[in-house]
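**Student:** Quick one, structure for this:
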Amino acid sequence: SQAEWEQLLTNCSAFLFYGMERFMSHILLDRLVAMNISKCHLVILLDLVRTKQSYRRITSSDIHKSYLRIALEGPTETAMLLSLTGVRSVIANQWFTTLQGNAERLEILSENLLSTGRTTGQTVRVLQR
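**Tutor:** I've put the predicted structure just below:
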């Protein structure tokens, strides 16, 4: 529910979203922009996974949204909105990907951030290779 999303985002120092399609399609925009998420140092968005089923779901959902609303759900716009609400760092997919691709990214992120102790910048560089 929206209340659960808000509670998770406002009471964490790091937030990981691992899901289908666009993160912003799961949260209400007007509620997000009113939030203060300054305690959250890092948001990792492993979204933009597209399957036939998720594409049908998001397409039927997008019919009820304006073009501008859909544009705000893009990866760059999502990062900007999260930054404006107080999030300090955002790691996100830039393009649509597969379930396997995101699983590999999660493994690399976990290993580098938690096991190896690399910084977020160093970890992103590892992901780019």
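
**Student:** quick one: contacts for the residue nearest in space to the middle of the chain?
**Tutor:** Residue closest to the mean C-alpha point of the chain, counted by Cα atoms, centre = their mean, is Leu45 at 2.7 Å. Contact analysis of Leu45 by Cβ atoms under 8 Å, 6 or more residues apart in numbering lists 17, 23, 75, 78, 90-93. Every residue, glycine included, has its C-beta placed from N, CA and C.

**Student:** Can you tell me the closest non-neighbouring residue to it?
**Tutor:** Using Cβ to Cβ, 6 or more residues apart in numbering and skipping residues adjacent in sequence, the residue nearest Leu45 is Ala92, 4.0 Å away.

**Student:** Now for Ala92, how many residues are close by?
**Tutor:** Neighbour count of Ala92, defined by other Cβ atoms under 10 Å: 17.

**Student:** swap in the one 3 residues further on?
**Tutor:** Other residues within reach of Trp95 by the criterion other Cβ under 10 Å amount to 7.

**Student:** now swap in Tyr18 and tell me
**Tutor:** 15.

**Student:** Retrieve the pLDDT associated with it.
**Tutor:** Tyr18 carries a pLDDT value of 93.

**Student:** Excluding covalently adjacent residues, which one is nearest to it?
**Tutor:** Leu46 (4.6 Å).

**Student:** Distance check, Arg88 against Arg69.
**Tutor:** Distance of Arg88 to Arg69, given as Cβ to Cβ, to the nearest Å: 26 Å.

**Student:** can you check Phe23 too?
**Tutor:** From Phe23 to Arg69 the distance is 14 Å (Cβ to Cβ).

**Student:** Looking only at neighbour counts, state which of the two leads.
**Tutor:** Phe23 (24 against 13).
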